[in-house]
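[1] Kindly generate the corresponding structure for this input.
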Amino acid sequence: MRIARLVIIAVVLFGLSICMVNGSNGPSPRMGPRMVYDPVKERVLLFGGSVWDQSSRRYTFYNDLWEYDVESETWREIEVSLKPQGRFNHMMAYDPDTHQVVLFGGFSNQDRIGDTWTFDVETDTWTQMNPEETPDPRSDGAFAYDQVNKLFVLFDGYGLNDDHPNDTWVYNVTADTWFEMNPDSKPKPQYGCYMEYDTVNRVVIMYGGHWSTGGSVHGYSDGVWTYDYPTDTWTKVDDASTPPHRYWHNTAYDSDTGKLIVYGGSQGGSNLLDDTWLFDFSTTIWERIDTETSPSSRMNSAMVY
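    So this is what the prediction gives:
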């Protein structure tokens, strides 16, 4: 039996301790990639990301796909003939019912884009989908798979012309259909927020983000929210405590303990964080975890359980 672990690129967090692992021949340094765990082949999958060249003042956009094996501490690039174009800060989540990864949008050399792709983990093949209706192009939105209602949920993000759509969409991968929802109330417009599905409490949870309500009115983190698809309702959780506000942090859901894990992120500018927090939805309590060692402070990286 494999031991479940948190993976932050080449950093593994297990239990309440953290250690550095030496993944060989892995992805090049980058920001804004996305990772999911594939339970079929028991591997971590990483796609995309970018690097900024200060001298040329240009991004390099990656569209490579990698798998990481925790036990052997090895990376392997998955070579495929058809794949999405390079991008970073895209939305990506895994559907355990169809064994597919769904990818939407991101920031590319064509600005923010709004294409939908699936990756079949059994055959290692990408397919570009062709839904009749689709969300506007964007990056940095919150995205997760709702296992009860068998739909992907998307909230907000960073759109074209630097706008925040402040919208909620759901995607049915089997029917290849996007539907825009119309909740009466919702979180503040934001980007750099993240969403996870809580399998213990069977609820979609979103935390964090750089919010803006127009002009110079902005801030970091609008708290913890849950989304209920059958009633099309966003509900803000009255958490008993809260970490320092942030965005572009790392989140993952620990299905063994039923807790959301948050690591690092940014408080704006060069103010980066390196703290670790657990959130228990059943008690609405945050708990800071202090470890003997930890990754350096960072933002816009990737983490998965």
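
[2] Low-confidence stretches in the stretch 151-300 of the chain?
    Across the stretch 151-300 of the chain, nothing is flagged by pLDDT under 70.

[3] contacting residues for the residue lying closest to Val224 once chain neighbours are set aside?
    Once flanking residues are discounted, Val224 sits nearest to Val237: 4.1 Å by CB to CB, 6 or more residues apart in numbering. Where C-beta positions appear, they are placed from N, C-alpha and C, glycine not excepted. Residues near Val237 by CB atoms under 8 Å, 6 or more residues apart in numbering: 205, 223-226, 281, 284.

[4] now do Ser296
    If a contact means CB under 8 Å, 6+ apart, then Ser296 has Asp274 as its contacts.

[5] Helix or strand for it, just tell me which one.
    Per DSSP states H and E, Ser296 falls between elements, in no helix or strand.

[6] For the stretch 1-150 of the chain, which segments count as helices?
    In the stretch 1-150 of the chain, no segments count as helices under DSSP state H, counting those that start in this stretch.

[7] coming back round to it: filter the contacts of Val237 down to just the buried residues.
    Among the contacts of Val237, those classed as buried by 16 or more other CB atoms under 10 Å are 205, 223-226, 281.

[8] Can you pick out the most distant pair from the residues you listed?
    Gly223 and Phe281 (12.8 Å; CB to CB).

[9] pretty sure Tyr62 contacts Ser50?
    Yes - with contacts counted by CB atoms under 8 Å, Tyr62 reaches Ser50, the gap being 6.3 Å.

[10] joint contacts of those two?
    30, 86, 88.

[11] Surely the second one and Ile113 touch.
    No - taking contacts as CB under 8 Å, Gly86 lies outside contact range of Ile113: 10.6 Å.

[12] Ramachandran angles for the residue nearest to Val224?
    Dihedral pair for Val237: phi -80, psi 130, per degrees, to the nearest 10.

[13] Likewise for the one 3 residues further on?
    The phi and psi torsions at Ala240 (degrees, to the nearest 10) take the values phi -70, psi -20.

[14] Number the chain from 590, please
    Got it, first residue is 590 now, which makes that one Ala829.

[15] Please report how far it lies from Ser801.
    27 Å (CB to CB, to the nearest Å).

[16] These two - which one has more neighbours?
    The neighbour comparison of Ala829 against Ser801 (other CB atoms under 10 Å) goes to Ser801, with 18 against 10.

[17] so what's the residue nearest to that one when sequence neighbours are not counted up against?
    Nearest residue to Ser801, sequence neighbours excluded (CB to CB, 6+ apart): His807, at 4.1 Å. Counting by CB under 8 Å, 6+ apart, His807 touches 799-801.

[18] which one of the residues you listed is nearest His753?
    Nearest to His753 out of the contacts of His807 is Ser801 (CB to CB; 6.3 Å).

[19] That closest one is in contact with Asp751, isn't it?
    No - using CB under 8 Å, Ser801 is not in contact with Asp751; the gap is 9.5 Å.

[20] any idea how far the closest residue in space to Thr802 that isn't next to it in sequence lies from Trp814?
    Nearest residue to Thr802, sequence neighbours excluded (CB to CB, 6+ apart): Lys777, at 6.1 Å. Between Lys777 and Trp814 the computed distance is 10 Å (CB to CB).
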